[in-house]
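Undergrad: Give the three-dimensional model of this entry:
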Amino acid sequence: MAKPIMIQGTMSNVGKSVVAAGLCRIFRQDGYRVAPFKSQNMALNSFITKEGLEMGRAQVMQAEAAGIEPSVKMNPILLKPTNDVGSQVIVNGEVLGNMSARDYFAMKRTLIPQIQEAYQSLDREYDIIVIEGAGSPAEINLKQDDIVNMGMAKLAGAPVLLVGDIDRGGVFAQLIGTVDLLEPQERELVKGFIINKFRGDKTILDPGIQMLEERAGIPVAGVTPYLSVSLEDEDSLSERFGAGGKVDLIDLAVIRLPRISNFTDFNIFESMEGVSLRYVSSPSQLGNPDLILLPGTKNTMKDLLWMRSQGLEAAVLKAHGAGTPVFGICGGYQMLGKKITDLQGVEEGGTVRGMGLLDTETIFEAEKARTRVSGKFLELNGIFSSLSGRSFTGYEIHMGKTALLPGGRPASQMEDQVTGEKKEDGCCGENVYGTYVHGIFDREEIATELVKALAKAKGIQEGVGTAVDFSAFKETQYDLLAQGLREHLDMERIYDILWKGIQK
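TA: Prediction:
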C-alpha cells in the first residue's frame, strides 16, 4: 500500500497544484514510485491520454513531474464549466453529461465508488500518492458529502498540508480561519502549514509564524518563495492572463475568451527570445499584433457572440484585412468558418453566423471527439507556407464536426493514434488557418518556423530565438521547482508526516 500525503489550500490558486507537482518530483528524485491524484478537478484545460480518455492537465503536469504516464486514474472526475451554473461531467475519462451545479451536488456522492476504485489502483502500484484538494476545505456550504478535500483525506487516510498564499495578503487569517472552520476530526488531519509565494525578508515574517504555530498548534512546514518556474496552469485563474502588456519583436495576441480552454497550446512561445505572448479581451488591448490566435473554448457559440458584442470580432476581421494572419485551434477554428449549427442543444442551440474567414461549416453533435493524433501539414499558402510538410503530434477534444465547403482546403493529414484511422484536418485560406489539434505548436521546429515566418515578413533577421525542446524544457522546470521547494520546505518534517500518516 502507498503512503498518501494531501495538499489542500485556503482558497483556489494558492499554489496547490504546483506544490503537489514539486513534491512528486522530489519523491521521484529520492527514489520512490510516486503518483498524483485529485478526485475531482474543475478546469477547462484538459488532456487526452493514450487510451483516448480525458483528464485535467494539472494531474498531467504532476504525472510528468513524477516521471510517469498520465492516467485518468489520477483524476477520475473532471468538471468542465459550460456556463455560470453548470458543467460537463466527465467520469473516468468519459462524458457522463451536462449538469447544473445543484444536480451535480445532489448526485456526486454516488461517484465515491469510482473514486475509490481509481485511488486503490494507484495504491497498489506506487509507494507514495500526492493527493491534491480543490478550493478550500472550509467551504461550509459544500462540506456535506465532500469528495475532494477532507472527505478524500478521510477516504485515503492522508495527512494534510494546508497551503496559504501570502502574496494575496492575509495569510495568517487564511490559515487560522480555515482550521477554525474545520470539524475537530478534520482539524486533526492537518499536520502542517505551508506559506506560499513569499517575497521579501523572512526574518520579518518569523514572529507571525511563531504566533501562528502557537495559536493553531500546527507547525509551519515551510515558507516557499515566489518561484520563477514556467509550468502549465490549471484554469482561467492563470496569472499569465494578467501579464500581457509588453510587446516584443514578434507579438502574438491570444483572444482571451470568457470560457477559454487549453490555452497551454501557446506556452511554448513564452520561452522564445524576442517573442511576446499577450492575452487580450478588448479591441483596445489588441493593438497591432503579428499573429492573432483564437484558442479553444468550452462554449464556441456563446464566446463568438461575446467577441461580436465586444467589438473584438470586428477588430480581428479588420486586422486580417490589413494582412495580419489568424490561427484558430478547436473552438477558435470553428469560429473562423461560415456557420455553426447546434440542432441538438449541445451548447446554445440554433445557428450562429461564423467569422467567415474559412470555407467551413460546423455542426454540433452529442458525441465528443477524444483522441491523440500525429500528422503533417499539407501545402499551405500565405505567410506560413514554410510549415508545409512539417510533422506534428497532438490531441483532439471537441464537440461537433467541421466540414469543408466548396473552396475550402484542408490544412493537414493525420492518423488517429487510438483507432488508426487516417483523416484530413483543419482548413487554410489566405493567411488564415484552423485546426482541431491541441499541442500542434509543441514541437520546437513548428514553433520556430512559425516565428521565423513572422520575423521574415517584418524584415527582422536578428533578436528572435528558436523554440526549445518543450519536453526537455519542462523537465528543467520540474527540477527547478523541486530544488526551490527543497530549499524552503522542511522536508525532514514532511517525510515524518508522510511516514506517520494520520496517527496522533
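
Undergrad: Could you use CA atoms for every contact and neighbour count after this?
TA: Noted.

Undergrad: where do the strands sit along the stretch 301-450 of the chain?
TA: Remark: strands of the stretch 301-450 of the chain, listed N- to C-terminal, are 326-329, 339-342, 350-353, 360-377, 391-404, 412-416, 422-425, 427-428, 432-435; assignment by DSSP state E, counting those that start in this stretch.

Undergrad: I'd like these laid out as a markdown table, including mean pLDDT and distance to residue 158.
TA: Conversion of these to a markdown table gives the following (pLDDT from 0 to 100; distance: least, C-alpha to C-alpha, whole Å):
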| stretch | mean pLDDT | distance to residue 158 |
| --- | --- | --- |
| strand 326-329 | 98 | 40 |
| strand 339-342 | 96 | 45 |
| strand 350-353 | 95 | 48 |
| strand 360-377 | 94 | 33 |
| strand 391-404 | 95 | 33 |
| strand 412-416 | 96 | 40 |
| strand 422-425 | 96 | 46 |
| strand 427-428 | 96 | 50 |
| strand 432-435 | 97 | 43 |
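
Undergrad: Those: which one's closest to residue 303?
TA: Of all the strands of the stretch 301-450 of the chain, strand 350-353 sits nearest to residue 303, with 11.1 Å by C-alpha to C-alpha.

Undergrad: For that closest one, which strands pair with it and how are they oriented?
TA: Counting by DSSP bridges, the strands paired with strand 350-353 are strand 339-342 (antiparallel).

Undergrad: what sits up against the partner strand?
TA: 301, 334, 348-354, 356, 360-365 (C-alpha atoms under 8 Å, 6 or more residues apart in numbering).

Undergrad: Export only the CA atoms of that strand, formatted as CSV.
TA: The C-alpha coordinates for strand 339-342 follow below in CSV (Å, rounded to 0.1, in the frame of the first residue of the first chain):
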residue,chain,number,x,y,z
LYS,A,339,-21.7,28.9,-39.9
ILE,A,340,-22.1,27.0,-36.6
THR,A,341,-25.3,24.9,-36.1
ASP,A,342,-26.5,23.3,-32.9
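
Undergrad: how far is that strand from where the chain is centred?
TA: 27 Å (C-alpha atoms, centre = their mean, to the nearest Å).

Undergrad: got it, and stretch 367-375?
TA: Between the mean C-alpha position of stretch 367-375 and that of its chain there is a distance of 18 Å (C-alpha atoms, centre = their mean).

Undergrad: One more: stretch 282-295?
TA: Taking the mean of its C-alpha atoms, stretch 282-295 sits 22 Å from the chain's own mean (C-alpha atoms, centre = their mean).

Undergrad: Among the contacts of strand 339-342, the buried ones, what's the PyMOL command?
TA: For the buried members of these, the matching PyMOL selection, counting by 16 or more other C-alpha atoms under 10 Å, is:
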select buried, resi 301+334+352+353+354+360+361+362+363+364+365
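
Undergrad: Just flag the most distant two among the contacts of strand 339-342.
TA: Largest pairwise distance in those, by C-alpha to C-alpha, is 21.3 Å, between 356 and 365.

Undergrad: As a quick check, tell me the outermost residue of this protein.
TA: Of all residues in the chain, residue 214 sits farthest from the chain's C-alpha centroid, using C-alpha atoms, centre = their mean; the distance is 37.5 Å.

Undergrad: Low-confidence stretches in the chain?
TA: Judged against pLDDT under 70, the low-scoring parts of the chain cover residues 233-240, 242-245, 503-504.

Undergrad: Can you spell out which helices and strands pack onto the lengthiest helix in it?
TA: Looking across the chain with DSSP state H, the single longest helix is helix 470-488. The elements that helix 470-488 packs onto, with contact taken as 3 or more C-alpha pairs under 8 Å, 6 or more residues apart in numbering; DSSP states H and E, are helix 16-29, strand 220-225.

Undergrad: What are the buried residues along it?
TA: By neighbour count, and taking 16+ other C-alpha under 10 Å as the criterion, the buried residues in helix 470-488 are 470, 474, 477, 478, 479, 480, 481, 482, 484, 485, 486.

Undergrad: ok, now stretch 43-59?
TA: Neighbour-count burial for stretch 43-59 flags 43-50, 52-59 (criterion: 16+ other C-alpha under 10 Å).

Undergrad: Report the distance from it to the chain centre.
TA: Here the centre of stretch 43-59 is set off from its chain's centre by 9 Å, with C-alpha atoms, centre = their mean.

Undergrad: what's the span of stretch 379-387, first residue to last?
TA: The first residue of stretch 379-387 is 8 Å away from its last residue (C-alpha to C-alpha, to the nearest Å).

Undergrad: For that stretch, report the contacting residues that lie outside it.
TA: With C-alpha under 8 Å, 6+ apart as the criterion, stretch 379-387 contacts 325, 377, 388-389, 411, 428-431, 446, 449-450, 453-454, 457.

Undergrad: Buried among the residues you listed? Make that a ChimeraX selection.
TA: For the buried members of the contacts of stretch 379-387, the matching ChimeraX selection, counting by 16+ other C-alpha under 10 Å, is:
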select :325,377,411,428,429,430,431,446,449,450,453,454
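
Undergrad: Let's see which of the contacts of stretch 379-387 end up in helices.
TA: Cross-referencing the contacts of stretch 379-387 with the helices (criterion: DSSP H) gives 446, 449, 450, 453, 454, 457 as the overlap.

Undergrad: Dump the buried residues of helix 470-488 to TSV, plus distance to residue 437.
TA: Putting those into TSV (distance: C-alpha to C-alpha, whole Å) gives the following:
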residue	distance to residue 437
470	17
474	20
477	25
478	26
479	29
480	30
481	29
482	31
484	34
485	35
486	37
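
Undergrad: Check those against residue 175 and report the nearest one.
TA: Closest to residue 175 out of these is residue 485 (19.7 Å), distances taken as C-alpha to C-alpha.

Undergrad: what sits against the closest one?
TA: With C-alpha under 8 Å, 6+ apart as the criterion, the residues that contact residue 485 are 19, 22, 23, 224.

Undergrad: same question, residue 457
TA: For residue 457, the contact set (C-alpha under 8 Å, 6+ apart) comprises residue 383.

Undergrad: so where do the helices sit in the stretch 201-350 of the chain?
TA: Assignment of helices within the stretch 201-350 of the chain using DSSP state H, counting those that start in this stretch yields the ranges 202-216, 283-286, 300-310, 312-321, 331-335.

Undergrad: helices and strands around the first one, which ones?
TA: So the one you mean is helix 202-216. Helix 202-216 makes packing contacts with helix 171-180 when contacts are defined by 3+ C-alpha pairs under 8 Å, 6+ apart.

Undergrad: hmm, back to that, export the strands of the stretch 301-450 of the chain as a markdown table, with columns for distance to residue 174.
TA: Conversion of these to a markdown table gives the following (distance: least, C-alpha to C-alpha, whole Å):
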| stretch | distance to residue 174 |
| --- | --- |
| strand 326-329 | 39 |
| strand 339-342 | 44 |
| strand 350-353 | 45 |
| strand 360-377 | 39 |
| strand 391-404 | 37 |
| strand 412-416 | 47 |
| strand 422-425 | 48 |
| strand 427-428 | 50 |
| strand 432-435 | 44 |
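
Undergrad: Which one of those strands lies nearest to residue 104?
TA: The stretch from the strands of the stretch 301-450 of the chain with the least distance to residue 104 (C-alpha to C-alpha) is strand 360-377; that distance is 19.4 Å.
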